[in-house]
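K.L.:
Okay, structure incoming, though there's no sequence with it:
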């Protein structure tokens, strides 16, 4: 209950304070690559329920048809303004609306697309017992995930066989020790990493 109240209060305050920034970013995206401003993708949430995740659009339209993974900092599918939005994780800010709506939490396992969730084993599926979040332990550990994938000769294989299992292991660790204090610590460390 405390976690939900915290999510509502923080997301509402965040949306109000960031509204001018949202407008500026929206205009930059329109000038840079047209509409739409937001990228809406189906992700898997708590209890395996699908939901619509909101992001600022950072790729050219229909770019996800060429693959779901972003490889390297200069993936040619990423727009020029999108590069900076991704670099500083600003494309994730519209997920504050997901938090307000209750489909996500500020802290929790990052939600995946069905394609990858279908590969989870029984133990890994336990991450779907909690609400997904904007940030988590795995986000901190793999903040440079795009660069790691860029070094691989087969990014898809590297993600499925190496990165995804490690992220899920961290998600399970979070679930086992989750608390209000842990969430505050993860939020603080996330902001610190982005600033650095």
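P.N.:
Now that the structure is in, tell me what you want to look at. Quantities reported herein were computed from a predicted structural model and do not represent experimental measurements.
K.L.:
separation between residue 14 and residue 24?
P.N.:
16 Å (Cβ to Cβ, to the nearest Å). Quick note: C-beta positions are derived from backbone N, CA and C, even for glycine.
K.L.:
More neighbours: the two, which one.
P.N.:
Neighbours around residue 14 and residue 24, counted as other Cβ atoms under 10 Å, are more numerous at residue 14. The numbers are 16 against 11.
K.L.:
distance of that one from residue 194?
P.N.:
From residue 14 to residue 194 the distance is 14 Å (Cβ to Cβ).
K.L.:
other SSEs contacting the helix or strand of the chain with the lowest mean pLDDT?
P.N.:
Between all helices and strands in the chain, the lowest mean by mean pLDDT, DSSP states H and E belongs to helix 145-150, at a mean of 85. If contacts are counted by 3 or more Cβ pairs under 8 Å, 6 or more residues apart in numbering; DSSP states H and E, helix 145-150 sits against helix 155-158.
K.L.:
how far out from the middle of the chain is the helix it packs on?
P.N.:
How far helix 155-158 lies from its chain's middle: 19 Å, per Cα atoms, centre = their mean, to the nearest Å.
K.L.:
Does it pack against any helices or strands, and if so which?
P.N.:
helix 145-150.
K.L.:
Any buried residues in the helix or strand residue 138 falls within, and which?
P.N.:
Element membership of residue 138 [criterion: DSSP states H and E] is helix 137-141. Residues 137, 138, 139 are the ones in helix 137-141 that count as buried (16 or more other Cβ atoms under 10 Å).
K.L.:
tell me how far the least confident helix or strand of the chain is from the chain's mean position?
P.N.:
Chain-centre distance of helix 145-150: 15 Å, with Cα atoms, centre = their mean.
K.L.:
Quick one: residues contacting the residue lying closest to residue 137 once chain neighbours are set aside.
P.N.:
Spatial nearest neighbour of residue 137, chain neighbours left out: residue 170 (4.3 Å); criterion: Cβ to Cβ, 6 or more residues apart in numbering. Contacts here follow Cβ atoms under 8 Å, 6 or more residues apart in numbering; on that basis residue 170 touches 136, 137, 138, 141.
K.L.:
Just grab the bridge partners of residue 53 for me.
P.N.:
Beta-bridge pairing for residue 53 (DSSP bridges): residue 41.
K.L.:
Now for it, how many residues are close by?
P.N.:
Neighbour tally, residue 53, other Cβ under 10 Å: 24.
K.L.:
can you start the count at 734 instead of 1 from here on
P.N.:
Yes, from this point I'll number from 734; that puts the last item at residue 786.
K.L.:
This completes my enquiry, with thanks.
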